[in-house]
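>>> Predicted model and sequence follow; I will ask about them next.
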There are 2 protein chains.
Amino acid sequence: MINPKSKFRNPKSIYSMPNLYVALTHYPVVNKRGDVITSAVTNLDLHDISRAAKTYGVKSFYVVTPLKDQKVLAQRIIAHWTSGTGADYNPARRRALETIKVIDSIADAVEDIKSIESQKPKMVATSASNYPSAISFAKFRTILKTGMPHLLVFGTAWGLAEAFISEADYILEPIKGSPDYNHLSVRTAAGIILDRLLGV
Amino acid sequence: MINPKSKFRNPKSIYSMPNLYVALTHYPVVNKRGDVITSAVTNLDLHDISRAAKTYGVKSFYVVTPLKDQKVLAQRIIAHWTSGTGADYNPARRRALETIKVIDSIADAVEDIKSIESQKPKMVATSASNYPSAISFAKFRTILKTGMPHLLVFGTAWGLAEAFISEADYILEPIKGSPDYNHLSVRTAAGIILDRLLGV
């Protein structure tokens, strides 16, 4: 007999859950001159993107940094809201930050997803630049409907390094706003992209 | 003869410019218990929402607070990026923050728009709650195509006070994500709403 509280009670809800993972990486990204750097963790990136990830049903939100002190900082922020005084004060914040996994590298995110899904996810890079090979939001929405696991990667600072983008399975088209201004924060861009991919 | 650099060189570009103003207000908003409060200005709200406003062609972004020290704080943040060292370091940030006007009240925003447009804007309240009278994003997109001025108001803290919402000309429907989680930051919500209204 199926437990009425089980997620299997309504098969439709299983299939409508997107099989999407999100990563925010602090390496390899570029600075304003285009040099590859490791950027610092920003408190509100963790809050805003985890809340958007939770709102749109993303399975996990990976915060990627190879720097030990930055990992400690990220873990401290998360702990405050998931087991510290913040957890009682704001349970909604707790539920969002609980989706975060702080890890060393994007390769580690791929391994984690592989252990959950029993298959490697397809990697999808984001960029504010136009790439001729980029796929549209509509196309990626269709791809997500297959239920195959995908890892959508956002870069901090001035964006993902070229070498990383060129190795991804897909590059997602940029958000187009004003023809002469397109400088969204990564927090805002992540929210808009999740809405375009998963919003109803 | 029309100056080729004039904005009148392409009439289409005039009509496709949205006649939308955005306000982020710190009063009257509610805290987690529903009490009406004045909230504090958050640095990244100014950055993120001004960048989204600029990206989507919003005419002005009003930051509303009745508190003198909070106005000074907001002006100091803006000045750093528009005339301070930040202006040279990051001109894109400057262009976004230049769209901000720090004012005392939403009534002052209405007066400012009236002086620019020669007519009072319609006021549109946002909320994460469902109101039976709310208009859809599609409906508001259509309304914006009339070219009439509109002021879209976002509340900080736990959102706009009920008394304010009930006096607005329109209430915009909430962003619907997961059925059991809907707690976006105001920064993310503003970006998604502007994309839904003005994105291409």
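The structure has been received and is ready for your questions. Residues are numbered from 1 along each chain as shown, chains lettered A, B, ... in the order given.
>>> Show me the beta-bridge partners of the residue minimising distance to the centre of chain A.
The residue lying closest to the centre of chain A (C-alpha atoms, centre = their mean) is A:Val22, at 2.1 Å. Beta-bridge pairing of A:Val22 under DSSP bridges involves A:Phe61, A:Leu152.
>>> Quick check, it in contact with A:Gly57.
No. The pair A:Val22 / A:Gly57 is not scored as a contact, 10.9 Å apart, by C-beta atoms under 8 Å. (Glycine included, C-beta is placed from N, CA and C.)
>>> Now do the same contact list for the residue nearest to the centre of chain A.
A:Val22 is in contact with A:Ile49, A:Ala53, A:Val58, A:Ser60, A:Phe61, A:Tyr62, A:Leu151, A:Leu152, A:Val153, A:Phe154, A:Ala190, A:Leu194, counting by C-beta atoms under 8 Å, 6 or more residues apart in numbering or on different chains.
>>> Looks like the fifth one contacts A:Val102 (just checking).
No. Judged on C-beta under 8 Å, A:Phe61 makes no contact with A:Val102 at a distance of 10.0 Å.
>>> Give me the more crowded residue out of these two.
A direct count of neighbours by other C-beta atoms under 10 Å in any protein chain shown for A:Phe61 and A:Val102 places A:Phe61 higher, at 25 against 18.
>>> contacting residues for A:Glu98?
Neighbouring residues of A:Glu98 by C-beta under 8 Å, 6+ apart: A:Thr82.
>>> Ok, A:Ala134 next?
In this structure, A:Ala134 makes contact with A:Ser127, A:Tyr170, A:Ile171, A:Leu172, A:Glu173, A:Pro174, judged by C-beta under 8 Å, 6+ apart.
>>> Need the max-distance pair from these.
Greatest spacing in these, by C-beta to C-beta: A:Tyr170 and A:Pro174 (13.3 Å).
>>> ok, the helix or strand containing A:Val124: who's next to it in the sheet?
Take DSSP states H and E as the rule and A:Val124 turns out to sit in strand A:122-125. According to DSSP bridges, strand A:122-125 has the following sheet partners: strand A:150-155 (parallel), strand A:170-171 (parallel).
>>> would you turn those into JSON lines with mean pLDDT, distance to B:Ala87 and mean neighbour count?
Formatted as JSON lines, these follow (pLDDT from 0 to 100; distance: least, C-beta to C-beta, whole Å; neighbours: other C-beta atoms under 10 Å in any protein chain shown):
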{"stretch": "strand A:150-155", "mean pLDDT": "98", "distance to B:Ala87": "24", "mean neighbour count": "24"}
{"stretch": "strand A:170-171", "mean pLDDT": "98", "distance to B:Ala87": "32", "mean neighbour count": "20"}
